[in-house]
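Engineer: got a sequence here, can you model it:
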Amino acid sequence: MPLNAIHPRAPRRAAGPHRQRGFALLELAIAVAITCMLAVWAANRLMHEVDGVAERAAGLWLLDIRRALDGLLARHGDTLAAGQAPMDEQGRPAYADPWAPTVAELKAQGHLAAAFPDPGPLGMRITMALWRGQGCPGAGCRIEALAHGTLPALPTANGGRVDSSRIAGVLMAADGAAGSVSELAPGRLRGASFDLPNPPLPGMAALPVGTIAVRAGQEAQDASRYLRSHDSRDPGFRGDVSTAGNLSAGGRLVAGGHLKLDGLAVSGEPCPENGLLARDAEGGLLNCVAGVWAPPGGFGGVFATNTGGGCTGMVGRSSLNPRTGRCSCPPGFQAVLVAAGGERDPEVGWTEGYVCVR
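Structural biologist: Residues are numbered from 1 along each chain as shown. Model (predicted):
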């Protein structure tokens, strides 16, 4: 009898399926790990992009502050150089403290848009300081302006630390116009366009590490090169001056030569506003009185009336007032009887002569 018939072998189970299930679990673990790594990388990149946008916004926000300070110095630089307080158009102080303006005051004076945010991006708040150089007042006077602020510190177990990378992003977005106080040089406020001691002013507290600032400045001779709105200086023009609109003078109008009127009007015609001056076709002067163009002076012409001929008077002769073309006085004048005579009958009639005066 065959041996295998006495001890039959148990059938072998295929090992393939067990090995396949083991490989599938390993591949799944690797795929999950890669997916987690990609998710973490994507989230980290998204956070960096969000921070980058905020840093660029903060840099542009600082540039707007700098332009506002430039506008303030352009408008009031000569006033500040003289040590005086700038005034607004109503004659009131433009700033509570002209050497420490606020964002709200710059907005009120039109140097910043009404919608300008305060605080700015990244929660940044700004403090501004202005001061005069040693040559003030005078041609060498220079007005300095500084706007500085800090970013919120990163939370740590030790109470917070300065985020140097975020500060660098803001400085880059400011296009070289900003500077900062770094841990390597806490005694300096440095940027690509300026290098100031820390503190920048005597008596001013030292700025903390992490401070970001922008600077503006103007020399007195720079301000004197151009005319500005509400400038109190006499421009002393050497040539002609032309304007397409009205020319208003708060004081006297003095002409070293002749005054020429190109406006034409007709005596006796209505005029738009009392006090206006014009000339007639012959060059005579007319002024607007009581809403009517009339020659200047107290004489308003003469006329005569007749009970028989009426306003025509004697045959072949006119008795009309040449100023009005009628037997009447111009507006603003009164008729004064100066002569009377004739016969009280229909043929000759009674004649009365009048002079118009005012």
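
Engineer: so for stretch 177-186, what gets flagged as buried?
Structural biologist: Neighbour-count burial for stretch 177-186 flags 177-182 (criterion: 16 or more other C-beta atoms under 10 Å). All C-beta spots, glycine's among them, are computed from the backbone N, C-alpha and C.

Engineer: now do that stretch: everything it contacts.
Structural biologist: With contact meaning C-beta atoms under 8 Å, 6 or more residues apart in numbering, stretch 177-186 is reached by 59, 62-63, 66, 162, 164, 167, 170-171, 188-196, 198, 206-215.

Engineer: let's see it at 6 Å
Structural biologist: 62, 66, 167, 171, 189-191, 193-194, 198, 207, 209, 211-214 (C-beta atoms under 6 Å, 6 or more residues apart in numbering).

Engineer: so how far does that stretch reach from one end to the other?
Structural biologist: Taking C-alpha to C-alpha, to the nearest Å as the measure, stretch 177-186 stretches 19 Å from start to finish.

Engineer: now that stretch: average pLDDT?
Structural biologist: Averaged over stretch 177-186, pLDDT sits at 89.

Engineer: what segments of the protein are helices?
Structural biologist: Applying DSSP state H to the chain gives helices spanning 3-6, 16-81, 103-108, 164-173, 220-223.

Engineer: with adjacent residues omitted, what lies nearest to L277?
Structural biologist: N287 (5.4 Å; C-beta to C-beta, 6 or more residues apart in numbering).

Engineer: coming back round to it: tell me which of the buried residues of stretch 177-186 fall in strands.
Structural biologist: Judged by DSSP state E, strands contain the following of the buried residues of stretch 177-186: 178-180.

Engineer: reformat these as JSON lines; add distance to A108.
Structural biologist: Listed next are those as JSON lines, based on distance: C-beta to C-beta, whole Å:
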{"residue": "A178", "distance to A108": "25"}
{"residue": "G179", "distance to A108": "28"}
{"residue": "S180", "distance to A108": "29"}
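
Engineer: count of residues packed around S319?
Structural biologist: A count of nearby residues for S319, using other C-beta atoms under 10 Å, gives 20.

Engineer: is it true that it touches A304?
Structural biologist: Yes. Counting by C-beta atoms under 6 Å, S319 touches A304, with 3.9 Å between them.

Engineer: can you give me the strands in the stretch 101-250 of the chain?
Structural biologist: Under the criterion DSSP state E, counting those that start in this stretch, the stretch 101-250 of the chain contains strands at 127-132, 142-149, 178-180, 188-191, 195-197, 212-219.

Engineer: ranking these by burial, who's on top?
Structural biologist: Ranked by mean neighbour count under mean count of other C-beta atoms under 10 Å, the strands of the stretch 101-250 of the chain are led by strand 178-180, which reaches a mean of 25.

Engineer: give me the sheet partners of that strand and which way each runs.
Structural biologist: Its sheet considered, strand 178-180 pairs with strand 188-191 (antiparallel), strand 212-219 (antiparallel) by DSSP bridges.

Engineer: show me which of the ones in strands among the buried residues of stretch 177-186 is closest to A281.
Structural biologist: For these, the residue nearest A281 by C-beta to C-beta is A178; the value is 68.4 Å.

Engineer: where in the chain is pLDDT low?
Structural biologist: The model of the chain has pLDDT under 70 over residues 1-23, 26, 28, 38-52, 139, 152-161, 219-233, 312-318, 346.

Engineer: the strands paired with strand 178-180 into JSON lines, with extra columns for distance to R92?
Structural biologist: Output for these, formatted as JSON lines (distance: least, C-beta to C-beta, whole Å):
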{"stretch": "strand 188-191", "distance to R92": "34"}
{"stretch": "strand 212-219", "distance to R92": "23"}
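
Engineer: and V357, which of those strands is closest to it?
Structural biologist: Judged by C-beta to C-beta, the one of those that comes nearest to V357 is strand 212-219, at 62.2 Å.

Engineer: and the angle for the closest one with strand 127-132?
Structural biologist: With axes from the mean of the first three to the mean of the last three C-alpha atoms, to 10 degrees applied, the angle from strand 212-219 to strand 127-132 works out at 30 degrees.

Engineer: who touches strand 212-219?
Structural biologist: Outside strand 212-219, the residues that touch it by C-beta under 6 Å, 6+ apart are 62, 66, 69-70, 73, 77, 142-148, 170, 177-180, 189, 194.

Engineer: between that strand and strand 142-149, how big is the angle?
Structural biologist: Going by the same axes, to 10 degrees, strand 212-219 makes 170 degrees with strand 142-149.

Engineer: burial count for G284?
Structural biologist: G284: 12 neighbours (other C-beta under 10 Å).

Engineer: what's the closest non-adjacent residue to it?
Structural biologist: Of all residues not flanking G284 in the chain, P295 sits nearest, at 6.2 Å (C-beta to C-beta, 6+ apart).
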